[in-house]
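A.B. asks: sequence plus the predicted model coming up.
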Amino acid sequence: MADARVVWGDAARWYPEVVAMGDTIVAWQAEFEGKHIPLRVGPRESPNPHRTATVKNGELHADLLLSPWERRFRLALRSSGFTLLQGYAADLGTAADAAALWLSGARPGQVAAAWPFLGSVALAEARERGDHRESSWLWLYENHCANPVGTRLRAFLALAFHEPRLRVLRPYTSHWTLRFSRSPEWPFDHDLPAVDPAITPDRYVVRMRDRRAHDETDASGALRLLLAELPD
């Protein structure tokens, strides 16, 4: 086995049990075998193959990635190349159990109900039916993966999520800015007002359609300004 200090770098301290077995593929395979789950773990194309692994059954895939910055086991469950569920498992065993349910053919909502770390049932079902507008709103609003953009937008999203005039639009983020589009799929519109999180937590700047900006305000103030800037 290669020197773990070379192969794993700083990430070695987060996963001593995985390093002891050589890599993520071997360690995750041991979890499946210990649970008598007849699935074979394989490599995943990645610049860091020692921290990744994948299991598949036809068009269904379960990809595991170990964070290099902290102890986090990111599991992504895909169908025909599209990620329908993702989140951080508590450990390799939990990731194996969730992957096994997914690869057995269970529906996304069923998997989310059994394993809430993968997101809500509503989010899973929206993604399954291809509802990009609803799934984008739920992804930002729930923020179960603690995305830093969603975290900075949290106070605003808590209000905007319940606003009917906004819910008919597709939300998306770009360079920390929350934007909205009439089209639920790319290419998105660029002529609607947007919201930037300010440096101060829970403060926001609303940018108008001509890119001029209002003064910094709180979440409720930002929502009022945004709605006033929306075209009828």
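C.D. replies: Yep, that arrived. Keep in mind that what you see is a predicted model, and the values were worked out from it rather than measured.
A.B. asks: just the strands in the protein please.
C.D. replies: Listed in chain order, the strands of the chain (DSSP state E) span 52-57, 60-66, 73-79, 82-89, 170-174, 177-181, 194-197, 203-207, 217-218.
A.B. asks: which of those strands sits closest to Ala99?
C.D. replies: Among these, strand 60-66 comes nearest to Ala99, with 3.5 Å by C-beta to C-beta. C-beta here means a position set from N, CA and C on the backbone, and glycine is covered the same way.
A.B. asks: contact partners of that closest one?
C.D. replies: For strand 60-66, contacts defined as C-beta atoms under 8 Å, 6 or more residues apart in numbering pick out 11, 14-15, 18, 24, 28, 44, 46, 51-56, 72-79, 92, 95, 98-99, 102-103, 105.
A.B. asks: tell me the mean pLDDT for it?
C.D. replies: Mean pLDDT, strand 60-66: 97.
A.B. asks: and it, which strands flank it?
C.D. replies: Note on strand 60-66: by DSSP bridges, its sheet partners are strand 52-57 (antiparallel), strand 73-79 (antiparallel).
A.B. asks: so Leu166 versus Arg211, what's the distance?
C.D. replies: 20 Å (C-beta to C-beta, to the nearest Å).
A.B. asks: between these two, point out the one with more neighbours.
C.D. replies: Leu166 (19 against 8; other C-beta atoms under 10 Å).
A.B. asks: tell me the bridge partners for Leu65.
C.D. replies: Thr52, Arg74.
A.B. asks: which stretches of the chain have low pLDDT?
C.D. replies: Within the chain, the stretches with pLDDT under 70 are 1-7, 47.
A.B. asks: what ranges do the helices span in it?
C.D. replies: 4-7, 16-21, 24-34, 92-103, 108-114, 121-128, 132-142, 148-152, 154-160, 164-167, 219-229 (DSSP state H).
A.B. asks: can you list these in JSON lines and add distance to Phe188?
C.D. replies: Shown next, in JSON lines, are the helices of the chain (distance: least, C-beta to C-beta, whole Å):
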{"stretch": "helix 4-7", "distance to Phe188": "41"}
{"stretch": "helix 16-21", "distance to Phe188": "40"}
{"stretch": "helix 24-34", "distance to Phe188": "36"}
{"stretch": "helix 92-103", "distance to Phe188": "30"}
{"stretch": "helix 108-114", "distance to Phe188": "25"}
{"stretch": "helix 121-128", "distance to Phe188": "18"}
{"stretch": "helix 132-142", "distance to Phe188": "10"}
{"stretch": "helix 148-152", "distance to Phe188": "16"}
{"stretch": "helix 154-160", "distance to Phe188": "17"}
{"stretch": "helix 164-167", "distance to Phe188": "15"}
{"stretch": "helix 219-229", "distance to Phe188": "17"}
